[in-house]
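Enquirer: Sequence below, structure please.
(one chain, ligands or ions: 1)
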Amino acid sequence: MRVLVVTAVPAERDAVTRASGDVSEPSVRRIPGAELHRAGPFDVLAGGAGPAAAAAATAFGLASGPYGLVVSAGIGGGFAPVAPVGSLVVASGIVAADLGAETPEGFVPVTGLGFGRDRFTPPPAQVRDVAAATGALTAEILTVSTVTGSAARAAALLAAHPRAGAEAMEGFGVAEAAERAGVPALEIRAVSNTVGPRDRDAWRIGDALAALTDAFGKLVPVLEGWTHHDRNDS
Ligand SMILES: O=C(O)c1cccc(C(=O)CC[C@H]2O[C@@H](n3cnc4c(=O)[nH]cnc43)[C@H](O)[C@@H]2O)c1
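Expert: Got it, this is the predicted structure:
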């Protein structure tokens, strides 16, 4: 099974491609708006930051397929104390945390307004396998368009989403495009910073990128298992 991995920036893409060993001569294919870097079972692209860029890039990536799975991957903010810097989170739910409306009574999600959707649920068996292979925490990952920068906003997000482990900016866009293409989607985040008051100097991007490489290395045999399982089922 080939897997499309969608990151925001090239540094995250390269952290994933490094997982499959020798990438001195990466195989690169141009698709509209991005480069697809082939590395073992993964085709990896850096689609840009935010859910809109991620959805567009995922749609073009999937159209170049076929793919059996899409993974939104990269660094992310972790909610303390469950997801410390350097840890890994795999999404049990991919949630658009700021898609809705402010009202006098507070934030109302689009579903409360009577339209749209604000969450996708990745396939639980694959989430379990990823967590077991990588040691990732399983929790909801919030998609936000604005990086959280205060303790008050972090607390409000956790109050609204008590099962949240991390936030990032692309997962919901990737999942939306994948759903429309009929392909299952996962989200995996390596925690580079704690969600809360902004302190860019405290971000441990190098450690998080190393954790991402390590995680995708551990996923290669897991994917082979899924592929064999698929074959045995057919
Ligand atoms: O400056 C660098 O070297 C560098 C290397 C890799 C990645 C970056 C990014 O800035 C990636 C942006 C990407 O990261 C996600 N992210 C990370 N922390 C948070 C957060 O606390 N809240 C929301 N998103 C976060 C997000 O998906 C961004 O698109 C820089």
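
Enquirer: give me the number of residues near residue 202?
Expert: Using other C-beta atoms under 10 Å, residue 202 has 11 other residues around it. Yep, even glycine has a C-beta here, placed from its N, CA and C like the rest.

Enquirer: now swap in residue 156 and tell me
Expert: As a burial measure, residue 156 scores 15 neighbours (other C-beta under 10 Å).

Enquirer: Please, which helix or strand holds it?
Expert: Taking DSSP states H and E as the criterion, residue 156 maps to helix 151-160.

Enquirer: and that helix, what does it pack onto?
Expert: Where contact means 3 or more C-beta pairs under 8 Å, 6 or more residues apart in numbering; DSSP states H and E, helix 151-160 is packed against strand 164-168.

Enquirer: Show me the contact partners of the strand it packs on.
Expert: Residues outside strand 164-168 that contact it (C-beta atoms under 8 Å, 6 or more residues apart in numbering): 8, 72, 74-79, 82-83, 89, 95, 97, 137-144, 147-148, 157-158, 187, 189, 191, 195.

Enquirer: If we check the ligand, which of those are in contact?
Expert: Counting by C-beta under 6 Å from any ligand atom, 8, 74-77, 144, 147-148, 195 from those sit close to the ligand.

Enquirer: Skipping adjacent residues, who's closest to the residue of the chain found nearest the ligand in space?
Expert: Using C-beta to the nearest ligand atom, the closest approach of the chain to the ligand is made by residue 77 at 2.3 Å. Leaving out its chain neighbours, the residue that sits closest to residue 77 by C-beta to C-beta, 6 or more residues apart in numbering is residue 195, at 4.0 Å.

Enquirer: Is residue 80 in contact with residue 197, as I believe?
Expert: No: in this structure, residue 80 is not within contact of residue 197 by C-beta atoms under 8 Å, at 11.4 Å.

Enquirer: Next to the ligand, which bits of this structure? Give me the list.
Expert: Residues of the chain lying near the ligand by C-beta under 6 Å from any ligand atom: 8-9, 11-12, 49, 74-77, 144, 147-148, 167-170, 192-193, 195, 205.

Enquirer: Which stretches in this protein count as helices?
Expert: With DSSP state H, the ranges of helices along the chain come out as 10-17, 51-63, 110-113, 124-134, 151-160, 171-181, 205-233.

Enquirer: how about those helices in CSV, adding mean pLDDT and distance to residue 36?
Expert: Putting these into CSV (pLDDT from 0 to 100; distance: least, C-beta to C-beta, whole Å) gives the following:
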stretch, mean pLDDT, distance to residue 36
helix 10-17, 98, 10
helix 51-63, 98, 7
helix 110-113, 96, 32
helix 124-134, 98, 22
helix 151-160, 97, 33
helix 171-181, 98, 15
helix 205-233, 85, 16
